[in-house]
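Colleague: how does the following fold in three dimensions:
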Amino acid sequence: MNKAYKAMIVSFFVNASLVIMKLVTGIITNYKTLIADAIHSFSDLSTDIVAIIGQKIAYKKADKKHPYGHGKIEYITSIIIGIVIMFLGLKLIYTTMMEEVSVTGNYVFALIIVLITIISKYFLARYVSKIGKMMNNSILMSSSKESYADVLSSIGVFITIVLFQFKDSFGILKYADRFGGIIISILIIKTAFNILKDNLTAVIGECEHDEKITSNIEDIIMSITDVLAIDSLTIMKFGSYYQIVLDVGVDGECKLKEAHDIAHNIEKKLLDSEINIKYVVVHVNPHNKALGEN
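Modeller: Model prediction:
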């Protein structure tokens, strides 16, 4: 089991536990905001399932129809997660504006459950985000953003429950749930928009622009003794891995066999590096010869 898949499994079980806790507590205490927050967390479960399935497909081996593997399925999976979060945010705005929140149960018990949710989801989001960055996994990064959105939602529920206790002294506080719900919904929609924007761009075709990754790849290429220059370098994202297409300049007097060996050495060094590179295409040019004059 790789780290990405393990992180998704952990996320699934944490979210399942929180859904049960919040839903049962909401029903017992009659806190509608807690029930709504449980439904919010239930959406995390659905995206966890989508993420787990997407991760399995993304790591399938390349075949004749997909010679560069199935890595881009990660972007499609993340887009689905973004759509779910967007729908959730719009739904929460509608629910907040159209329904009154009626709370009559033990608010201390409800607050403890919400506090447990906030702490659990915060550390889950940090864990998933750390693994996502480590493995350059867009599914985990999207999932972590959703978890952070859930933290914000639960904080809003916490504040709403506290403020609602003072509604008899300050009449305006009976609307606290509405204002808080709208703010949370806007933040959730913003999260969804960012996920959709990033992954729609990637699924169309996006190059890696991270200077550290680019610099590391250039260093690997230039470490080959016979490489005199990098004429062009394209680093294409395929989910959590890369395809490299490059032109290098070598001695113009270099023989065909020598040029072939240079290209092979570049390919091997890149594939063996710690950077998750799966495909390399190398074109060798006589040094200082303009591209296209072959």
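
Colleague: report the distance from the helix or strand where Val282 lies to the chain centre.
Modeller: Assigned by DSSP states H and E, Val282 belongs to strand 277-286. Its chain's C-alpha centre and that of strand 277-286 lie 29 Å apart, by CA atoms, centre = their mean, to the nearest Å.

Colleague: ok, that strand: who's next to it in the sheet?
Modeller: strand 241-250 (parallel) (DSSP bridges).

Colleague: where along the protein do the helices fall?
Modeller: 3-29, 32-58, 73-98, 107-135, 138-164, 176-205, 211-222, 256-272 (DSSP state H).

Colleague: worst average pLDDT in the ones you listed?
Modeller: Ranked by mean pLDDT, the helices of the chain bottom out at helix 32-58, with a mean of 69.

Colleague: and the closest residue to Met222 other than its chain neighbours, how many neighbours?
Modeller: Leaving aside its chain neighbours, Met222 sits nearest to Ile230 (6.9 Å; criterion: CB to CB, 6 or more residues apart in numbering). Backbone N, C-alpha and C define where each C-beta goes, glycine included. Neighbour count for Ile230, taken as other CB atoms under 10 Å: 14.

Colleague: so Ile230 touches Ile224, yeah?
Modeller: No: Ile230 lies out of contact with Ile224 (CB atoms under 8 Å); the separation is 10.5 Å.

Colleague: quick check, pLDDT for the residue nearest to Met222.
Modeller: 91.

Colleague: what distance do you get for the residue of the chain most remote from its centre to His283?
Modeller: Residue farthest from the centre of the chain, counting by CA atoms, centre = their mean, is Glu253 at 48.1 Å. Remark: distance between Glu253 and His283 (CB to CB, to the nearest Å) = 18 Å.

Colleague: before we move on, back to that, residues contacting the residue farthest from the centre of the chain?
Modeller: Contacts for Glu253 (CB atoms under 8 Å, 6 or more residues apart in numbering) come out as none.

Colleague: torsion angles phi and psi at it?
Modeller: phi -90, psi 0 (degrees, to the nearest 10).

Colleague: residues near Gly89, how many?
Modeller: 23.

Colleague: ok, now Phe170?
Modeller: With other CB under 10 Å as criterion, Phe170 counts 10.
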